[in-house]
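Peer 1: I'd like to go over a predicted model; first the sequence, then the structure.
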Amino acid sequence: MLARALARGQLHHALMLVGPRGIGKATLARGLACGLLCTAAPGRGCGVCGICQRVLAGTHPDVDWLRPEGAAGQITIDAARACHLRQQSAPYEGHAYVIIIDPADALNDSSGNALLKAVEEPRPGVHFILLATNMQAVLPTILSRSLPIRLGRLADDDVAGILAARAADISPERQRMAVLLAEGSAGVAIELALDPALDRCLTLLREAIRASAAGPSLIFGGDKGPLWTAFSAAVQEVAAAEADAQAQAAEAQAAVTGKKKRQSADKADKADKPKAKDAPAHLRWVAGRLAELWTLHLRERTRGRSGLPGLPPADRLSPAATVRQLAILQRFVARVDRNANVRLLLEETLLELGDAA
Ligand SMILES: [Zn+2]
């Protein structure tokens, strides 16, 4: 449908791509931008010409990404205003100017207002592509001015095909697990397959399920108990992976900028390491991944299966208890990013999950 509209030059000026995380919303947005800007294959995009390559690399001047900034995680009014000003005299180099808002629910009242007029009635050649996982969270004024395109989940076979192409050196066993966990989202499957902390997080989930079933004795079993041992092992794995990635990035930078920078990068890296160990961001990340995996485990149950392999079977839970637990996990995910004390929140949640069973 989109390809036909593109080829006819009738692509809607404000598309809202809606779908779960990792489903390919940003990839589709880049593809549409190629179609709008490519001169080798106009109305379709070739994916290989200089224009397409710049679009795909995120460096084309006629494609602007509006993303959240700062601690509030919102698109600022300054960024929105700058975009609004640009679109008034766009397009520049090509014959289209594409503004990708990722995600659309990061627009607040003021930044949303700054773009409202442009979204409603953009100049010829100006296209807004808004990405959203949850349409309910998008400002109604923006929502009502855009055309929603819902992206469904892919079949497991398709996810497996994409994963095999992108993460070929990952063992088939791990690939299967990632496909199962990803629930039709290729981006999530790739992320999981490459995640060095996946095994640790699955061990943590096993311990967390046991602790929630056993109650306070295991939940408050102390740092040396199986639950919190598994938790810190996962956190350390995440911290180590991040330190590795930073070291690699520093090395790559050093290769470009020469030895002097390399020394300072090494120093900075060493100085960061002790702090990185228990950084709240890592605790939150692990807690979030735990809730995500737990949710998937329970969803397997709602599909009539017994849950993820290697975990206590979820089919001992009644359907009502499964729904209650899913709601508790959803609340946990919504709170974990803002909560100062991740451990306390997790303890409370595990107690609640135990009661809900
Ligand atoms: Zn091209």
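Peer 2: On my side now, so go ahead.

Peer 1: give the contact list for residue 166.
Peer 2: Residues in contact with residue 166, defined by Cβ atoms under 8 Å, 6 or more residues apart in numbering, are residue 190. Every C-beta, even on glycine, is put in place using the N, C-alpha and C of the backbone.

Peer 1: State the distance from it to the ion.
Peer 2: Look at residue 166 and the ion: by Cβ to the ion, to the nearest Å, they are 22 Å apart.

Peer 1: ditto for residue 339
Peer 2: Separation of residue 339 from the ion (Cβ to the ion) stands at 46 Å.

Peer 1: check which helix or strand covers the nearest residue to that residue once chain neighbours are set aside.
Peer 2: Leaving aside its chain neighbours, residue 339 sits nearest to residue 345 (4.7 Å; criterion: Cβ to Cβ, 6 or more residues apart in numbering). Residue 345 is located in helix 342-356, with elements delineated by DSSP states H and E.

Peer 1: pLDDT of that helix, averaged?
Peer 2: Averaging pLDDT along helix 342-356 yields 94.

Peer 1: what does it contact?
Peer 2: Contacting residues not belonging to helix 342-356 are listed as 208, 211-216, 219-220, 231, 280, 283-284, 287, 290, 321, 324-325, 328-329, 331-332, 335-336, 339 [Cβ under 8 Å, 6+ apart].

Peer 1: gap between it and the chain center?
Peer 2: 25 Å (Cα atoms, centre = their mean, to the nearest Å).

Peer 1: Just the CA atoms of it, as PDB, please.
Peer 2: Once non-C-alpha atoms are left out, helix 342-356 reads as follows in PDB (Å, rounded to 0.1, in the frame of the first residue of the first chain):
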ATOM      1  CA  VAL A 342      15.300  -0.500  42.100                       C
ATOM      2  CA  ARG A 343      15.800  -3.300  44.700                       C
ATOM      3  CA  LEU A 344      13.000  -2.100  47.000                       C
ATOM      4  CA  LEU A 345      10.600  -1.800  44.000                       C
ATOM      5  CA  LEU A 346      11.600  -5.300  42.800                       C
ATOM      6  CA  GLU A 347      11.100  -6.800  46.300                       C
ATOM      7  CA  GLU A 348       7.600  -5.200  46.500                       C
ATOM      8  CA  THR A 349       6.800  -6.500  43.000                       C
ATOM      9  CA  LEU A 350       7.900 -10.000  43.800                       C
ATOM     10  CA  LEU A 351       5.700 -10.100  46.900                       C
ATOM     11  CA  GLU A 352       2.800  -8.800  44.900                       C
ATOM     12  CA  LEU A 353       3.400 -11.400  42.200                       C
ATOM     13  CA  GLY A 354       3.400 -14.100  44.800                       C
ATOM     14  CA  ASP A 355       0.100 -12.900  46.300                       C
ATOM     15  CA  ALA A 356      -1.400 -12.700  42.800                       C
END
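
Peer 1: Quick check: what element follows the longest strand anywhere in the chain along the chain?
Peer 2: What stands out as the longest strand in the chain, according to DSSP state E, is strand 126-132. Of the helices and strands lying after strand 126-132 in sequence (DSSP H and E), the nearest is helix 140-143.

Peer 1: which helices and strands does the helix or strand just after that following helix pack with?
Peer 2: The C-terminal neighbour of helix 140-143 among helices and strands, as given by DSSP H and E, is strand 147-150. Where contact means 3 or more Cβ pairs under 8 Å, 6 or more residues apart in numbering; DSSP states H and E, strand 147-150 is packed against strand 14-18.

Peer 1: and the strand it packs on, what does it pack onto?
Peer 2: Using 3+ Cβ pairs under 8 Å, 6+ apart as the contact definition, the elements that strand 14-18 packs against are helix 25-37, strand 126-132, strand 147-150.
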